[in-house]
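1. The sequence and its predicted three-dimensional model are supplied below.
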Amino acid sequence: MTNSTPADVGPSFETAVAATSASQRATGKLMIAGGSLLFAAALAFQMLYASGVTATGFESWLPVLYAYVLWALAIVFGQILIRGERGSRAAFVLPAVFFTVALVIFPTLFGLYIAFTSWNLSSDAGRVFNGLDNIRHMWNDPFYWNALGNMVYYVLMVLVEYAVAFGLALVLNSEIRARRFFRVVFLLPFMLSPVAVSWMVGKSIMENRFGPMARLARFLGWDRPAFFSDPWIARLSIEVMDAWVFIPLMIILLLAGLQALPKEILEAAKVDGASPWQTFWRIVFPLMLPVSITAIIIRIIFKLKLADIVINVTSGGPGGATDTVSSFIYREYRDRSNVGYGTALAEFYLIAIIIFITVLLVYGRRFARRFGAPPAVART
Amino acid sequence: MATYAPALDSTRIAQPSRGASFVATRVLVYGVLIFWAFVCLFPIYWTLTTSFKTAPDVMQGHLIPLIDFTPDWKGLRSLGLSPDTIFETSTVRDEFLKRFTNSLIASLGGSVLALAFGALAGYGLARFPYRLGVLKNDDIAFFFISQLILPPVVLAMPFLVLYKELALLDSLPGLILVYTLMVLPIVIWIMRDQFSNIPVELEEAALVDGLSIWGAFARIVLPLALPGMVAALILALVLSWNEYFFAALLTGASAQTLPVMVASQTGSQGISWWSMAALSSAAILPLILVGILLERYIVQGLATGAVK
């Protein structure tokens, strides 16, 4: 478990460590032992019942979850009693740790196991271990690779979104009237549910006959506007909607970066007669690189989860042109109840994006260091 | 770029060329601002007004109420919420209100729970040096925050199976747990940052005065971190109120949320524009109000996490 080491460097403060009494320590140990015993007993009891060894058991596994919560509470409070002050410190992170272990780590590992089974919820065969069959199937599944290819396109479009967001952040940061009004208005799309946006924009404003966008398109000379029939136009339409929702997030991050820029340097540039263009490319942009990279990575993380709009507007169509990995797996499950294969696809995707984001983080940092402003300038 | 154009400066305004370019820049800046404000507001305006349109108004593309078309309670009537139907019994209204409350309970429950876990963990990680094997504070924090990249599809199917076993499928407590885990990384990120901005000396003084670390946390630190907690709570609320993926897979008749209801209407009924518009309005209005009233907190919460 977590140990606090007073000698460690860190933003810590020292206090007189109140010694715990022997009876407190005994109570603490009893609590932990009791909690562990209860949890182990509940787990064993239900496992035996589920595997058919014993005849009696709980109706569902829910009591085991309760036992887990009790066990976690016993450990948190027990170790406070045993270790006193240090136990209290550990008790701050322990609830989040127990929660994460139960609801993130365990399901992910369980998913990794499902990924190697053939498991169709609608068939009676149940779960059958099938080794690497899912992976082999995935390798030959053109629709999955198509979805991955679309993700590359969607992720690349983040750079366009970034350019737009940077421009808008610069405008918001300049001397304007009614700044607060514009900031609130620019934020609003971020607050909206993607499902509602799917209808508001995708199914009504971009509707081919009566939608305002179609009217505008006809007015501009596009005879039969259709935003979701041609693969590239459909892809662009989905991207526009997703960008509309998430550009505010990038504006906020970049605006915060702009406002934190050192004023003296900008003043000095003005005194030296630098044109606004020069000021931007030589000073503002390099100084903003670290913030820019953070904003782009956060945006990419959200982009990699893109699903709601695609599911609700095009269901991946036409012919898979707009499919994202998430929407593809969603349909794989919805239409075919194929839990084993769907999970295998998802776990593969997770590993791919972990590698991708790690590379981005490492190279992003290196890139910011090399081409960004020298640290001495950045800190002034 | 336009932005760093010199501010109105009395010594330079006399030069005519400078003045002309200044005016041009201003026009450009306000042009961009007004254009983007229109882009942001038009879909919202369109949705709100469409719920008051009849079918011919929709088809003829009328845009401005009272001038273009006469507002009609069509959208709200289809939900049983218009003035003439509000006192009658309506199954649609009951359904809608149930979905709305489900959304409210699930998102509030998840956000509050995440804030409780996240505030505790954020404070611990900002103040006390931990060691878990070879992992130190920064690694533990990274472990929590990195869960942000976990796409919902990875957890969706294991959760489907596990929830079936746990009898949590189609239940609000189950959905609350999912939303908690979904927003916990962001909450920990924001809260850790907030707490490390509070000077340690305050707590040291409190400890000298005889408060325990829990007392110091509850009485000194938490009140100071309140704006950050509001920011984290609002962001968590936005994300979980709008959540669709998990809700679509894990809920059915009893725990379904508003986004799932909105989504289920789009396919089956053809185009009953006014009722879709009314439903969408109901799904977006609460957060639009939150955005207008609490913009400052949202911006602050997002900015502290990303800009150091």
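-> In hand now; what should we look at? What you are looking at is a predicted structure, and each value in this text was computed from that prediction instead of being measured.
2. Show me where the chain has its strands.
-> No chain specified, so I'll use chain A. A:3-4, A:117-119, A:127-129 (DSSP state E).
3. that's the wrong chain, I wanted chain B
-> Using DSSP E, the strands found in chain B span residues B:130-132, B:135-136.
4. Given the last one, what are its sheet partners and their directions?
-> Sheet pairing for strand B:135-136, assigned by DSSP bridges, gives strand B:130-132 (antiparallel).
5. pLDDT averaged over the partner strand, what's the number?
-> Mean pLDDT, taken over the full extent of strand B:130-132, equals 83.
6. Not counting sequence-adjacent ones, nearest residue to whichever residue of the stretch 251-380 of chain A sits closest to chain B?
-> Per C-beta to the nearest C-beta, residue A:256 is where the stretch 251-380 of chain A lies closest to chain B, at 3.3 Å. For glycine as for every other residue, the C-beta is placed from the backbone atoms N, C-alpha and C. Take residue A:256 and drop its neighbours on the chain: the residue closest to it by C-beta to C-beta, 6 or more residues apart in numbering or on different chains is residue B:303, 3.3 Å away.
7. what's near enough to touch the residue nearest the centre of chain B?
-> When chain B is reduced to its mean C-alpha position, the nearest residue by C-alpha atoms, centre = their mean turns out to be residue B:238, at 1.6 Å. Applying C-beta atoms under 8 Å, 6 or more residues apart in numbering or on different chains to residue B:238 gives the contacts A:190, A:191, B:287, B:290, B:298.
8. shouldn't the third one be in contact with residue A:191?
-> Yes - the pair residue B:287 and residue A:191 passes the contact test of C-beta atoms under 8 Å, sitting 4.1 Å apart.
9. Between these two, which is the more surrounded one?
-> Neighbour count, other C-beta atoms under 10 Å in any protein chain shown: between residue B:287 and residue A:191, residue A:191 has more, with 24 against 21.
10. who touches that one in this structure?
-> Taking C-beta under 8 Å, 6+ apart as the test, what residue A:191 contacts is B:238, B:284, B:287, B:288, B:290, B:291.
11. Specify the residue ranges that define each domain of the chain.
-> Using chain A. Domain segmentation of chain A under automatic domain parsing yields A:1-96, A:136-379.
12. wrong chain, I was asking about chain B
-> B:2-78, B:91-306.
13. Can you check which of those domains gets nearest to residue A:70?
-> Each of the domains of chain B has some distance to residue A:70 by C-beta to C-beta; the shortest is domain B:91-306, at 15.6 Å.
14. Residue A:100 is nearest to which of the strands of chain A?
-> Residue A:100 lies closest to strand A:3-4 among those, at 18.9 Å (C-beta to C-beta).
15. Let me see the mean pLDDT of that closest one.
-> 44.
16. Kindly report the same for stretch B:97-107.
-> pLDDT averaged over stretch B:97-107 equals 93, rounded to a whole number.
17. buried residues in it?
-> Neighbour counts using 16 or more other C-beta atoms under 10 Å in any protein chain shown place B:98, B:99, B:100, B:102, B:103, B:105, B:106, B:107 of stretch B:97-107 among the buried residues.
18. quick one: residue B:129 and chain A, what's the gap?
-> Using C-beta to the nearest C-beta, to the nearest Å, one gets 4 Å for the distance from residue B:129 to chain A.
19. Could you do residue B:189 as well?
-> 10 Å.
20. neighbours around that residue, how many?
-> Summarising burial for residue B:189: neighbours were counted as other C-beta under 10 Å, giving 22.
21. just residue A:44 next, same as before
-> The burial count assigned to residue A:44 is 12, neighbours taken as other C-beta under 10 Å.
22. Also residue B:157?
-> Applying other C-beta under 10 Å, we find 31 other residues in the vicinity of residue B:157.
23. ok, how many other residues are close to residue B:284?
-> 27.
24. Can you name the residue of the stretch 201-308 of chain B nearest to chain A?
-> residue B:303 (3.3 Å).
25. residue contacts, that residue?
-> For residue B:303, the contact set (C-beta under 8 Å, 6+ apart) comprises A:252, A:253, A:255, A:256.
26. From what I see, the residue of the stretch 251-380 of chain A closest to chain B and residue A:291 are in contact.
-> Yes - Residue A:256 is in contact with residue A:291 according to C-beta under 8 Å; the separation is 7.5 Å.
27. Neighbour count: those two, which is higher?
-> Neighbours of residue A:256 and residue A:291, each counted by other C-beta under 10 Å, are more numerous for residue A:291; the result is 24 against 21.
28. So stretch B:169-183, near chain A or not?
-> Yes - judged by C-beta under 8 Å from any C-beta of the partner chain, stretch B:169-183 comes into contact with chain A at B:177, B:178, B:180, B:181.
29. show me what contacts the residue nearest to the second one when sequence neighbours are not counted?
-> The reference is to residue B:178. Counting by C-beta to C-beta, 6+ apart, residue B:246 is the residue found nearest to residue B:178 once chain neighbours are left out, at 4.9 Å. With contact taken as C-beta under 8 Å, 6+ apart, residue B:246 is in contact with B:152, B:155, B:156, B:159, B:175, B:178, B:179, B:182.
30. ok, so what distance separates residue B:246 from residue B:213?
-> Residue B:246 sits 36 Å away from residue B:213 when distances are taken as C-beta to C-beta, to the nearest Å.
31. residues near whichever residue of the stretch 1-150 of chain A sits closest to chain B, how many?
-> At 2.9 Å from chain B, residue A:92 is the closest residue in the stretch 1-150 of chain A, using C-beta to the nearest C-beta. Residue A:92: 24 surrounding residues under other C-beta under 10 Å.
32. Now it: closest residue in space, sequence neighbours ignored.
-> Nearest non-adjacent residue to residue A:92, counting by C-beta to C-beta, 6+ apart: residue B:124, 2.9 Å away.
33. now residue B:290
-> With C-beta to C-beta, 6+ apart, the residue lying closest to residue B:290 is residue B:234, at 6.3 Å.
34. Give me the pLDDT value at residue B:2.
-> 43.
35. so where is the stretch 201-308 of chain B shaky, pLDDT-wise?
-> Low-confidence segments of the stretch 201-308 of chain B (pLDDT under 70): B:266-271, B:305-308.
36. Try it again at 50.
-> Screening the stretch 201-308 of chain B residue by residue with the criterion pLDDT under 50, one finds the ranges B:268.
37. Please list the residues of it that sit near chain A.
-> Taking C-beta under 8 Å from any C-beta as the criterion, the stretch 201-308 of chain B approaches chain A at residues B:203-204, B:207, B:212-214, B:238, B:241-242, B:244-245, B:248-249, B:258-260, B:262-263, B:266, B:271, B:273, B:276-277, B:280, B:283-284, B:287-288, B:290-292, B:295, B:298-299, B:302-303, B:306-307.
38. Restricted to buried residues, select those in ChimeraX.
-> Applying 16+ other C-beta under 10 Å to those leaves a buried subset, and the ChimeraX line that selects it is:
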select /B:203,207,213,238,241,242,244,245,248,249,258,259,260,262,263,266,271,273,276,277,280,283,284,287,288,290,291,295,298,299,302,303,306,307
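39. Can you add distance to residue A:109 and mean neighbour count and give the strands of chain B back as JSON lines?
-> Converted to JSON lines, these look like this (distance: least, C-beta to C-beta, whole Å; neighbours: other C-beta atoms under 10 Å in any protein chain shown):
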{"stretch": "strand B:130-132", "distance to residue A:109": "18", "mean neighbour count": "19"}
{"stretch": "strand B:135-136", "distance to residue A:109": "19", "mean neighbour count": "15"}
